[in-house]
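**Q** Provided below are the primary sequence and the corresponding predicted coordinates.
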Amino acid sequence: MEGLTDRRTSSYSVGNGGNCIAVGTAPRAVCVEDSQQDHQPARDRLTVATDAWQTFLNQIR
């Protein structure tokens, strides 16, 4: 995830082709992508405003 800070990969992502995600932050946004597809262009990311991401997290906790 180029240009992103604080990139985190799911603890379940072990490089065996599993279905895992990576999450990174950008100014005023959170980006989510398939952890196995780091080479894909930015258009293959789900980008969400930080306030919407926080609302999502609050709902699933």
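**A** Noted; the coordinates are in hand.
**Q** for stretch 46-61, which positions count as buried?
**A** For stretch 46-61, the neighbour count (16 or more other Cβ atoms under 10 Å) marks 48, 53 as buried. All C-beta spots, glycine's among them, are computed from the backbone N, C-alpha and C.
**Q** Just the mean pLDDT for that stretch, thanks.
**A** The average pLDDT within stretch 46-61 is 92.
**Q** quick one, helices of the protein?
**A** Using DSSP state H, the helices of the chain run over 50-60.
**Q** what ranges do the strands span in it?
**A** 5-9, 21-26, 29-34, 46-49 (DSSP state E).
**Q** Next, format these as CSV and append distance to Gln59.
**A** Shown next, in CSV, are the strands of the chain (distance: least, Cβ to Cβ, whole Å):
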stretch, distance to Gln59
strand 5-9, 20
strand 21-26, 16
strand 29-34, 15
strand 46-49, 13
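**Q** of all those strands, which lies closest to Leu57?
**A** Leu57 sits nearest to strand 29-34 of all these, at 9.5 Å, using Cβ to Cβ.
**Q** What helices and strands are in contact with that closest one?
**A** With contacts taken as 3 or more Cβ pairs under 8 Å, 6 or more residues apart in numbering; DSSP states H and E, strand 29-34 sits against strand 21-26, strand 46-49, helix 50-60.
**Q** List the buried residues for the first one?
**A** Along strand 21-26, these residues count as buried under the neighbour rule (16+ other Cβ under 10 Å): 22-26.
**Q** got the residues you listed as CSV, with pLDDT columns?
**A** Shown next, in CSV, are the buried residues of strand 21-26 (pLDDT from 0 to 100):
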residue, pLDDT
Ala22, 81
Val23, 84
Gly24, 86
Thr25, 86
Ala26, 82
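**Q** a markdown table for the helices and strands packed on strand 29-34, including distance to Asp6?
**A** Shown next, in a markdown table, are those (distance: least, Cβ to Cβ, whole Å):
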| stretch | distance to Asp6 |
| --- | --- |
| strand 21-26 | 5 |
| strand 46-49 | 15 |
| helix 50-60 | 12 |
